[in-house]
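K.L.:
Structure for this input, please:
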Amino acid sequence: MPIARPTFDLDLARELTALVYEAVNETYCVTGAQDLVMDGAAVEARIAELAAADIDMVLLLQSTFADSTMALQLAQALEAPLLLWALPEAQVGGRLRINSFCGINLAGHGLRRAGINCDYIYAEPEDAAALDKLRSFAIAARVKSRLAGARIGRLGANPDGFDTCLVNHAALKSQLGVEAAQFELAPFFARARAADASKVAALDAELAERLANYRDMESESAKGTLSAYLALDELVREEKLSGMAVRCWPEFFTDLGCSACGAMSLLSDEMTPSSCEADVNGTITQLILQWISGEPAFGSDIVAFETTTDEATLWHCGLAPLSMCHPDEQPEATVHSNREKPLLMQFPLKPGRVTIARLSEATGEFRLVIGGGEMLQASPAFTGTSGIIRFDSGAAAVMDSIMRQGLEHHVSIAYGDHRAVLEALARQLGLPVLRL
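P.N.:
Okay, here's the model as predicted:
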């Protein structure tokens, strides 16, 4: 919605508005006419137009100065995240022709007082950095929209002493729109034992081709993991779940006779993020990273720091998605290092740029932990899934943040640099950010 006031230079405003529309329309489907909106009645008409469309975000273009009235009118009527764009103008003496920044200054103040989040751009229409910021904001807006109504399946409860995996149902629903749906282990195990034998056999044959050492695994226990995967996949489809948080021990080993790790790996690889120890916030973080990156994400422990080489070690038993294995390597099947039962995935994480994140509740309030680094080419550090990372901020600083901030022991990673989108999402959700 381009807003203006008729006492300013409307010819210049229309020219600049057209340039912004042209630049934005190259990448996005833009709803809303280019006509300048200059009074409350025109705002109401534009609100009706936007409310009828499937929009992810609202771009309020300050084509000229205007007071905060129209911006507040729009923001209070539409729940979509709001981005303000102000346009510079040449300082060559003479008339102040559009006075655009002062307009978003007034709007930003009014929105802040009304408790409404917004973000802003101050740039020429075709500025590359501005369009990058718009892209990050738009992706974050889509993720925010998808979170509202997402359901995470929580199978069982977090183990005693693992307060890092506690779930705050009410806060998740009120602040993110996410529901944590509770399911119990005993009926799930009954479902797993009743899994279709022909589907188990087909999956067994497939993994024999994909995983080295698979035929060395104890067959019944390995098939138990496959049955658990089929039961999880069935539960996800029936309950329309976006992800799973699974109490993986000790009951999977003691009652079902197998590991849950391989089942969660397969599920995550098919874009249903899964975390162990019933870590709902970990699964939500993986879901966010998955939606941003378009690829599976992985929930991991950080188990070691080597400050002399500025490296840290990520590790988990064996639930990383197989797509994170180097394409030139073949992942292996293995057993749990402590419980000695299959099925787990074993491989070193492939090298490349990664983003680290965590929806944290260490302070009693939600905040988003964000970091970045480079996954290095390295041999396996331990059995299971592991990787050696060099954090952008340095190993010592990350270790210090984890301990001094009392952060959770699980972090989530995805390949690529997605920090700008995560920062935009945090602002849209009203979450503080801790940079790792």
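
K.L.:
Please count neighbours and contacts with C-alpha atoms only from this point.
P.N.:
Noted.

K.L.:
I'd like the mean pLDDT over the helix or strand containing residue 268, please.
P.N.:
Per DSSP states H and E, residue 268 falls inside helix 261-269. Helix 261-269 shows a mean pLDDT of 98.

K.L.:
Which positions in whichever helix or strand comes after that helix come out as buried?
P.N.:
For helix 261-269, the succeeding helix or strand toward the C-terminus, using DSSP H and E, is strand 274-276. By 16 or more other C-alpha atoms under 10 Å, the buried positions in strand 274-276 come out as 274, 275, 276.

K.L.:
If you count contacts, what does the helix holding residue 268 end up packed against?
P.N.:
Here helix 261-269 touches helix 219-239, strand 274-276, strand 344-348, going by 3 or more C-alpha pairs under 8 Å, 6 or more residues apart in numbering; DSSP states H and E.

K.L.:
Pull up the pairing partners for the very next helix or strand once past the longest one, direction included.
P.N.:
It refers to helix 219-239. Later in the chain than helix 219-239, the nearest helix or strand by DSSP H and E is strand 243-246. Sheet partners assigned to strand 243-246 using DSSP bridges are listed as strand 151-155 (parallel), strand 274-276 (parallel).

K.L.:
Name the next helix or strand following the first one along the chain.
P.N.:
If I follow you right, that is strand 151-155. Later in the chain than strand 151-155, the nearest helix or strand by DSSP H and E is helix 169-171.

K.L.:
what residues does that next one touch?
P.N.:
Helix 169-171 is contacted from outside by 179, 180, using C-alpha atoms under 8 Å, 6 or more residues apart in numbering.

K.L.:
at 10 Å instead, please
P.N.:
Helix 169-171 is contacted from outside by 176, 177, 178, 179, 180, 181, 280, 365, 366, using C-alpha atoms under 10 Å, 6 or more residues apart in numbering.

K.L.:
Next step: those restricted to helices.
P.N.:
residue 280 (DSSP state H).

K.L.:
what about residue 303, neighbour count?
P.N.:
Here the number of neighbours of residue 303 (other C-alpha atoms under 10 Å) works out to 12.

K.L.:
is it true that it lies in a helix?
P.N.:
No. Under DSSP: H, G, I helix; E, B strand; the rest coil, residue 303 sits outside any helix and is assigned strand.

K.L.:
and the most centrally placed residue in the chain, what does it touch?
P.N.:
Nearest to the geometric centre of the chain sits residue 288, at 1.6 Å (C-alpha atoms, centre = their mean). Residue 288 makes contact with 140, 143-144, 146-147, 273, 282, 294, 297, 357-359, 412, 414, 422, 425 under the criterion C-alpha under 10 Å, 6+ apart.

K.L.:
Model confidence for it, exactly?
P.N.:
Residue 288 is given a pLDDT of 98.

K.L.:
now the angle from the helix or strand hosting it to helix 261-269?
P.N.:
Using DSSP H and E, residue 288 sits within helix 280-293. Counting by axes from the mean of the first three to the mean of the last three C-alpha atoms, to 10 degrees, helix 280-293 lies at 40 degrees to helix 261-269.

K.L.:
For residue 284, give me its contacts.
P.N.:
147, 150-152, 172, 176, 178, 180, 242-245, 273-275, 290, 358-359, 412.

K.L.:
for residue 248, same thing?
P.N.:
155-159, 185, 258-261, 264, 275-278.

K.L.:
The same query, at a cut-off of 7 Å, please.
P.N.:
260, 276, 277 (C-alpha atoms under 7 Å, 6 or more residues apart in numbering).

K.L.:
So which of these is the closest to residue 33?
P.N.:
Closest approach to residue 33 among those (C-alpha to C-alpha): residue 276, at 48.4 Å.

K.L.:
Assess the claim that that closest one and residue 247 are in contact.
P.N.:
Yes. Under the criterion of C-alpha atoms under 7 Å, residue 276 makes contact with residue 247 at 5.9 Å.
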